[in-house]
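Visitor: Fold the following.
(3 chains)
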Amino acid sequence: MSALVKSSLARKWVMALSGLFLVVFLTQHFVINITSVIAPDTFNEWSHFMGYNGLVQFVAQPILIAGVIIHFVMGFVLDYQNRKARPVKYAKFSGNANSTWVSRNMIISGAVVLAFLGLHMYDFWVHEMAYKYVENKPEDPTRYLPELKEKFVDGWRVAIYVVSFVLLSLHLWHGFNSSFQSIGVKSVKKGDSLRKVTYAWAVLIPAGFVFIALFHYFNHIS
Amino acid sequence: MAVLDSKVPKGPLAEKWNTHKNTINLVNPANKRNIDVIVVGTGLAGSSAAATLGELGYNVKTFCYNDSPRRAHSIAAQGGINASKNYQGDGDSNFRLFYDTIKGGDYRSREANVHRLAEVSSNIIDQCVAQGVPFAREYGGLLDNRSFGGVLVSRTFYAAGQTGQQLLLGAYSSLNRQINRGKVQPFNRHEMLDLVVVDGKARGIIARNLVTGEIERHGAHAVVIASGGYGNVFFLSTNAMGSNVMAAWRTHRRGAYFANPCYTQIHPTCIPVSGEHQSKLTLMSESLRNDGRIWVPKKLEDAEAIRAGKKRGVDLPEEDRDYYLERRYPAFGNLVPRDVASRAAKERCDAGYGVNKTGNAVYLDFAASFLRYGKVEALTHGHKNATEEEMIALGKKVIEKKYGNLFDMYRNITDENPYEVPMKIFPAVHYTMGGLWVDYNLQTTIPGCFAAGEANFSDHGANRLGASALMQGLADGYFVLPYTIGDYLSNEIRTGEISTDTPEFDQAEQDTRDRIDRLMKASGKHSVDYYHKKLGLIMWNKCGMSRNATDLQKAMDEIKELREDFWANVRVTGNPNTKNQELEKAGRVADFLELGELFAKDALTRNESCGGHFREEYQTEDGEALRDDENFAFVSAWEYNENPRDAKLHKEELVFENVELKTRSYK
Amino acid sequence: MKLNLKIWRQEGPEAKGKMVDYPLDGVDGDMSFLEMMDILNEKLINEGETPVEFDHDCREGICGSCNMMINGEPHGPQKLTTTCQLHMRKFKDGDTITVEPWRAKAFPVIKDLIVDRSAFDRIQQAGGYISVNTSGNTQDANSIPIEKSKADEAFWSATCIGCGACVAACKNASAMLFTSAKISQFALLPQGEVEATDRVRNMVRQMDEEGFGNCTNTGACMVECPKGIKLDNIARMNREYLKAETVA
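Guide: Below you'll find the predicted structure:
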């Protein structure tokens, strides 16, 4: 574990692997969420399984939380170290001439996503924990969809949701593809199919989440 | 003292080196740990020597003025490195490489040294491959060769157009390994300002830390000078901006003889000077002459119109062009050797036929090749009725494959497209064959002071063949010096550590400080570059591609005058106790101002034409070089005098037992 | 043409530096950027000021000495070009040009535009070599055939000139492109295999000790590298590193 802190390359691996893990989680999350639009019963069923399956709750969930924490903490550590590596800034720095804004500002997109995650945890996870363990309410396999819909009633909340996912998309645009470079996959060049897949994914998955949010919001209004 | 004893071992030529290695004294490993060696310069010769000496167990200190050993100008060599591996099975051998080098040097080099060079050439390639130098390979995975000018076999190993870079980085990696082991201590951004001689032996150097300005003393049992050539005495050359003669010249001042200073190689295919602001010249590979035709306008008025920008060379009809190399040398045409091609270009430009705004450029035209290659290309692709335009387009593609990177470089520098208009080229100073006189052991006339690589007068005689400079630098550093230096150091095992707290070090340091003071206190009328440019102009006009007694005499006077003016009126800004590039330059130019005069003196003394040294008085009726083997088959080794014109000449007679002296002809 | 130069001046390593404006007239398009600097310096000397110090040597794009941050880009706006090969025709009359030294904790400023890049040497010293002795008693050069494509790739990795543009361009001042180029060269050759584990570990450790930043794959290094050293080298280093750490 000490190499984890000491070696820049180990940190790079950790960042990439935790990121890839979160990508997998996000995909799974999306698959469940999209059922709220296309098959509401399935949504309730799967949500209930996720909420009450021991393996998910006591193995997968802690791993996920650890993954999230590692990714964020490491992100901030890296950013701190990177700022230290250039104590005197340039008077003029033309970053756009050689790299994308997104790739240089992962800390910004990451921080926004983190803030959103705070809200999201408050909305769902804290609620879940309270429901199950504090208030000790009974199991109700049909409560999930209504709860979900309720969250997309407020316009401002939906707006925050949309903005966060746009930034998540930007974060993934660089991060997903970049993690393959970090773990040493050979071809992540322009025009490679792996690159195309990661870009498509970075756009489509967040767009899907946005779609779900807007779908429920407009359904509620109409 | 029997000076100029070359110490060439007895016996048949091919056995001399082996015999010598078997009989010279060695230092045992335990004693090597107590012996210090200083290596000045970290190019091919210096890096390889320092790495090997460290490997053997000596304590080595390296010095270079750059921020890293990797930046030495060896890195800029393009073409390749010769070795008599005979991988191509085309009849190459040590003797052939030896013979080609002796002949290419116009019979002015030492037979035994050149043969040794040929013998160790194969080792260099083995060594470099083992180090991971990525030479070019064939599809079968074996090493590739190319052929170079002046020889009949394919013996040149290469790494694209960056052979020098790859070889230097190889030597640098070996050096790094020894630094990591603590056997070599690098002093980068340090410049040697004097050699310290104690009881007739080299015992250390005075160096300036170029960052802090501190003057430092470094003692050692032996000092190796591997500081490169002095082509920058011409101001404009293909050398790096910082390349200088200081280490070699300081050594010369302390008693080492300087040999053949006038032997200079002027390379015919460089990008011409574009204006007053020019700081250095860029080489275009010699290989371009394989496909380009060199010409100038036939009529003076055309040349004038082109210079004035009223006409374009490309529009000039065929009958108004003078392909002067093909005219003068029908047998070899555009492929005459470097010295001949250079002189012919100068002759035309001096006569008023130059084609750029400064009047110093000739055309190198690929139009004929475009058509020639295009025709073949069209036919081989079954395109029987191709128009001329189609053929030219196809031909351009062929040329692009062969020389694309050179064409791009040319375009970048000149902003002209060489696919559309002919290239303009002009000769430029490239390499200096002269240098510190050394014996067979590479020892100068100061015991304990050795010289390697371009810094010594070595193996190339009056003219160096292509791809031989890299070979010599590495041969000296890896395989010759580490053996021969042991012969001297075997007598030093009882000496003990060299103290720098002696009157000789005091004196040398004081001399150095006084010199810096003088430079800083001069009245300050003109910048250092002002003097360097003036010197360069004198050298180029009067000691350049062709020389005559009157001009050489004038050059000596003008240089002397310029030197006096320099010491009285140079302006060195800033403070000597910090990083100060003006002071660095001033010290170097001060030495060039002495070397320049000796250069002219040497050229004036050598009443013959040979290799890179062409005296107008000594030529055949049709303008070819006239060598005088009866009176000048010797090495001129000069003993220092404050007035370079009064330097004392010592001769090392050149004895040729294995080759017959012949005249070169390219008609 | 006439230019307005804004150049970083700093007297010494400890001194506080600042940007100074220098108007300069009489600049010709055929001049290289460094020749333009020569003209400025000649002018400064004649006016009794101290000239701007900068590293430079071969002036043909191969030694890697020159290092100027020109208008926010290492070696200026022209890609695949060192400062010495950048020509003034790339600029227009009246342009303002900002010239700064490389900025990185690991590259402290010595004076004006000169920085200390010895960290690069130390990374190489940590393992950028193959441990053969230099006696010449090695096996024949052709006894190990090497696939041409691998040899060529090793060559391209080896063409790094060590100028530091990768560090200068990287927003994190990371030296991974530089370090990985040497690791790649040897990783691609059979001669380098024997010491691969120690090499990647030692070189990476040294790189970290020097205070360079982490790599976040922005790719700026490759875009600004005057020799076009590829990002693939970093991916290869990452693989080599994992191999080294998991095998041992």
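
Visitor: need the contact list for B:Arg137.
Guide: B:Arg137 makes contact with B:143-144, C:145-146, C:148, C:151-152 under the criterion CB atoms under 8 Å, 6 or more residues apart in numbering or on different chains. For glycine as for every other residue, the C-beta is placed from the backbone atoms N, C-alpha and C.

Visitor: Quick check: bridge partners of it?
Guide: Counting by DSSP bridges, B:Arg137 is bridged to B:Leu143.

Visitor: quick one on the thing from earlier: show me which of the contacts of B:Arg137 are buried.
Guide: B:143-144, C:146, C:148, C:151-152 (16 or more other CB atoms under 10 Å in any protein chain shown).

Visitor: in chain A, what spans have low per-residue confidence?
Guide: Counting by pLDDT under 70, chain A contains low-confidence ranges at A:1-5, A:187-191.

Visitor: Sorry, slip of the keys, the one I care about is the stretch 101-250 of chain B.
Guide: B:149-150.

Visitor: Now it against chain A: closest residue?
Guide: In the stretch 101-250 of chain B, the residue that lies nearest chain A is B:Val211 (19.0 Å; CB to the nearest CB).

Visitor: Does that residue belong to a helix, a strand or coil?
Guide: At B:Val211, secondary structure determined by DSSP: H, G, I helix; E, B strand; the rest coil is coil.

Visitor: That one touches B:Arg189, doesn't it?
Guide: Yes - the pair B:Val211 / B:Arg189 is scored as a contact, 5.3 Å apart, by CB atoms under 8 Å.

Visitor: so what's residue 181 up against?
Guide: Using chain A. A:Gln181 neighbours (CB under 8 Å, 6+ apart): A:188, C:217, C:231, C:234-235, C:238.

Visitor: That was the other one, I meant chain B.
Guide: Per CB under 8 Å, 6+ apart, neighbours of B:Arg181: B:Gly54.

Visitor: before we move on, the earlier item: which one of the contacts of B:Arg137 is nearest B:Thr156?
Guide: For these, the minimum distance to B:Thr156 (CB to CB) is 9.6 Å, reached by B:Asp144.

Visitor: Give the burial count for the nearest residue to the closest one once chain neighbours are set aside, as a bare number.
Guide: Leaving aside its sequence neighbours, B:Asp144 sits nearest to B:Ala136 (CB to CB, 6 or more residues apart in numbering or on different chains; 4.4 Å). Using other CB atoms under 10 Å in any protein chain shown, the number of residues around B:Ala136 comes to 19.

Visitor: B:Ala136 and A:Ser193, how far apart?
Guide: 32 Å (CB to CB, to the nearest Å).

Visitor: picking up where we left off before, pretty sure the residue nearest to B:Asp144 is in contact with B:Leu142, am I right?
Guide: No - at 10.5 Å, B:Ala136 does not count as touching B:Leu142 under the criterion of CB under 8 Å.

Visitor: Show residues contacting stretch B:603-622.
Guide: B:105-108, B:262-266, B:328, B:339, B:343, B:433, B:461-463, B:543, B:545-549, B:552-553, B:556, B:625-628, B:631-632, B:636, B:649, B:667.

Visitor: sec struct for whatever residue is furthest in space from the centre of chain A, please.
Guide: What lies farthest from the middle of chain A is A:Ala91; by CA atoms, centre = their mean that is 34.8 Å. Secondary structure, three-state DSSP: A:Ala91 is coil.

Visitor: which ones are touching it?
Guide: So A:Ala91 contacts C:6, C:8, C:19, C:98, C:100 (CB under 8 Å, 6+ apart).

Visitor: From the residues you listed, pick the one nearest chain B.
Guide: For these, the nearest to chain B is C:Trp8 (14.5 Å; CB to the nearest CB).

Visitor: returning to that earlier point: of the contacts of A:Ala91, closest to chain A?
Guide: C:Thr98 (4.3 Å).

Visitor: Shouldn't the closest one be within a strand?
Guide: Yes - assessed by three-state DSSP, C:Thr98 belongs to a strand.

Visitor: before we move on, the earlier item: B:Val211 and B:Arg189: which is more packed in?
Guide: Per other CB under 10 Å, whichever of B:Val211 and B:Arg189 has more neighbours is B:Arg189, with 22 against 18.

Visitor: How about that one, nearest residue that isn't a chain neighbour?
Guide: Using CB to CB, 6+ apart, the closest residue to B:Arg189 is B:Leu210 (4.4 Å).

Visitor: Measure how buried the one you found is and give me the count.
Guide: Count around B:Leu210 with other CB under 10 Å applied: 23.

Visitor: which residues sit in contact with it?
Guide: B:65, B:189-191, B:579, B:584.

Visitor: Dihedrals phi and psi, it?
Guide: phi -70, psi -10 (degrees, to the nearest 10).

Visitor: Residue of the stretch 501-650 of chain B nearest chain A, please.
Guide: B:Lys579 (18.5 Å).

Visitor: Checking that residue next. Helix, strand or coil?
Guide: B:Lys579 is classified as coil under three-state DSSP.

Visitor: Then C:Asp57?
Guide: coil.

Visitor: wait, isn't it in contact with B:His73?
Guide: Yes - with contact defined as CB under 8 Å, C:Asp57 reaches B:His73; the gap is 7.1 Å.

Visitor: Mutual contacts of these two, please.
Guide: What both C:Asp57 and B:His73 touch, as defined by CB under 8 Å, 6+ apart, is the set B:240, C:63.

Visitor: How much space separates the residue of the stretch 101-250 of chain B closest to chain A from B:Ser47?
Guide: 21 Å.

Visitor: what's the answer for B:Ala600, then?
Guide: From B:Ala600 to B:Ser47 the distance is 33 Å (CB to CB).
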